[in-house]
Structures are given as structure tokens and as C-alpha cells.
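*Asks:* Sequence first, predicted coordinates after that:
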Amino acid sequence: MASYDFRAPRLFLDAPLETGGRVALDRAQANYLLNVLRLKGGDDVLVFNGRDGEWRARLAEAGRKAADLAVAERTRPQTVSPDLLYCFAPLKAARLDYMVQKAVEMGVGRLKPVFTRRTQAARVNLERMRANAIEAAEQCGVLSIPAVEPDEDFATALGRLEPERLIVFCDEDAPVANPVAALEQAGAAEKLAVIVGPEGGFDEAERALVLGHPRVVRLSLGPRILRADTAAVAVLALVQAVLGDWR
């Protein structure tokens, strides 16, 4: 089991962190620590900014609505996020929230919403995606916040992928039924992209675009049709176990 301190709350701070530093909390953060968690002056809080690792800080109260954190010592060094891009057709509201949270827990480095011909959601709220990514990272011990990239149409986003990046393409018509075997046959790759389509799947023109990429492995997710948010967890678990940082 990872040697995390599960007792102290964790907070993402977009500020430099160093021993002896002092960080002013915004109103929402102060309210969360003082009024939701009911912490007192001197209580420990673990903080991270995605650059400088994780640090232990101590709360300094300044009333019911304001507080600072005094940074003490670093508890964990910064880790390098895997170059794992997750491309997905946007979902609606709560299911998108769930998918983003689980993708963060599974170690995704970048989140890329793409609009396919059968995408049901008309738009995507990038700020809400980032808020969900931060919350998931705070709760599960992740040290980096995945980048939330602007949404694009599928063909444009696919054209931006580097030739050496291995695409893991979730395709119910994959020729190899065993997904572990398919990933093992694909071989190691420093750069990965996982692509999951909408509820209605990709059309034939979109499938042809993906298969035209220099490095692609078609991945079956078993005999049942999974919802897109379930597919996210399933495929990312497979990728991390066979090619990623679970090895």
C-alpha cells in the first residue's frame, strides 16, 4: 500500500511551495477547511501544486472566513506524469464528472474532449472538468492535475497526434478478442493515447481515420457493450496494467 497520510486533508494550491513559505487561501478554500472540516489553527494540511511535490502545512486562522497556510516540510517529491492522453466523446453532466474523476485516479496525463458524428452532448464545460480533476487529485493522493485540453472535432484532434504515439482504440470489432493479448502484441510505448467513442460508437469513416495512424492497437472490452464512462475505467485499467505504471 502507498505510504500516504490519509488522516490529513489534501488541498491543491496554484502557488509556489517551499519550506517556510506562507500561502493565503481563497475564500472557498478557507471555508472548506474552517467550516466544513472544522480545522483549527495549527492543524496539518497536505498541499500540492503539481510542480513541487507534496508538502505538510499548518493552518493559521484569521477568522471564520479567512486563513493562511504555513508550509513546513515536503512529504513526497514530485513524480512525472505519464504521457497518457485520454480522448473521449463528451458525456452529459454527472456521467462526465464521474469519467473525469476516474480518469484522474487511473493516472491520465491529459484529458481531450473530441466531438464525433454520434456525440450526444452539444458542449463541454472545461472549467467544470478541471474542478473535478482537482477534486479527484486531492482525494486520491495524485500529485499532478491532468491538463484539460480544448475540445475539437475528432478528425482535427486525431491529426495532431504524433506518428510515434501508440493509439489504444476501443473498438468492438477488434480482431483480437483478448484485450491483454492485444496490448502485449502492440509492445511498449513512451507516448500513449486512449480513444473511447460515444454511446453510439464510431462510424466507418472515423474508424478508418484511426486505423490510418502509424501505430494503433484495436482493443475489445469484452462480450458486453459498456457505457462510455464504464469503458473509461475498464480500458485505463488494462492500459496501466499492461503498458503503464502498474507494471
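*Replies:* Received it, and whenever you're ready, just let me know what you need.

*Asks:* which residues does the residue positioned nearest the centre of the chain contact?
*Replies:* Nearest to the geometric centre of the chain sits Val104, at 2.7 Å (CA atoms, centre = their mean). Neighbour list for Val104: 132-133, 136-137, 140, 142, 145-146 [criterion: CB atoms under 8 Å, 6 or more residues apart in numbering]. Every C-beta, even on glycine, is put in place using the N, C-alpha and C of the backbone.

*Asks:* Turn those into CSV, columns for distance to Glu18.
*Replies:* CSV is the format used below for the contacts of Val104 (distance: CB to CB, whole Å):
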residue, distance to Glu18
Asn132, 28
Ala133, 25
Ala136, 26
Ala137, 20
Cys140, 25
Val142, 21
Ile145, 19
Pro146, 24
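
*Asks:* that older thread, confirm that the residue nearest to the centre of the chain sits in a strand.
*Replies:* No - using DSSP: H, G, I helix; E, B strand; the rest coil, the secondary structure at Val104 is helix, not a strand.

*Asks:* Just give me the neighbour total for the closest residue in space to it that isn't next to it in sequence.
*Replies:* Spatial nearest neighbour of Val104, chain neighbours left out: Ala136 (3.9 Å); criterion: CB to CB, 6 or more residues apart in numbering. By other CB atoms under 10 Å, 21 other residues sit near Ala136.

*Asks:* cool, Glu184 as well?
*Replies:* Other residues within reach of Glu184, judged by other CB under 10 Å, total 14.

*Asks:* right, and the secondary structure at it would be what?
*Replies:* helix.

*Asks:* and the gap between it and Leu219?
*Replies:* 12 Å (CB to CB, to the nearest Å).

*Asks:* and what of Ala231?
*Replies:* 10 Å.

*Asks:* same check, this time on Arg247
*Replies:* Distance of Arg247 to Leu219, given as CB to CB: 17 Å.

*Asks:* More neighbours: which of those two?
*Replies:* Neighbours were counted for Arg247 and for Leu219 using other CB under 10 Å; Leu219 has more, 27 against 8.

*Asks:* before we move on, the earlier item: how about the residue nearest to Val104, what does it touch?
*Replies:* Shown in contact with Ala136 (CB under 8 Å, 6+ apart): 100-102, 104-105, 142.

*Asks:* now swap in Ala189 and tell me
*Replies:* Contacts for Ala189 (CB under 8 Å, 6+ apart) come out as 164-166, 215, 243.

*Asks:* which residues does Lys92 contact?
*Replies:* Counted by CB under 8 Å, 6+ apart, Lys92 has contacts 120-121.

*Asks:* Let me know the pLDDT of it.
*Replies:* pLDDT, Lys92: 85.

*Asks:* wouldn't Val180 be in contact with Val239 here?
*Replies:* No - using CB atoms under 8 Å, Val180 makes no contact with Val239, being 10.5 Å away.

*Asks:* So between these two, which is more surrounded?
*Replies:* Using other CB under 10 Å as the criterion, Val180 and Val239 rank with Val239 on top: 26 against 12.

*Asks:* shouldn't that one be in contact with Tyr86?
*Replies:* No - applying CB under 8 Å, one finds Val239 not in contact with Tyr86, separated by 9.6 Å.

*Asks:* All set now, cheers.
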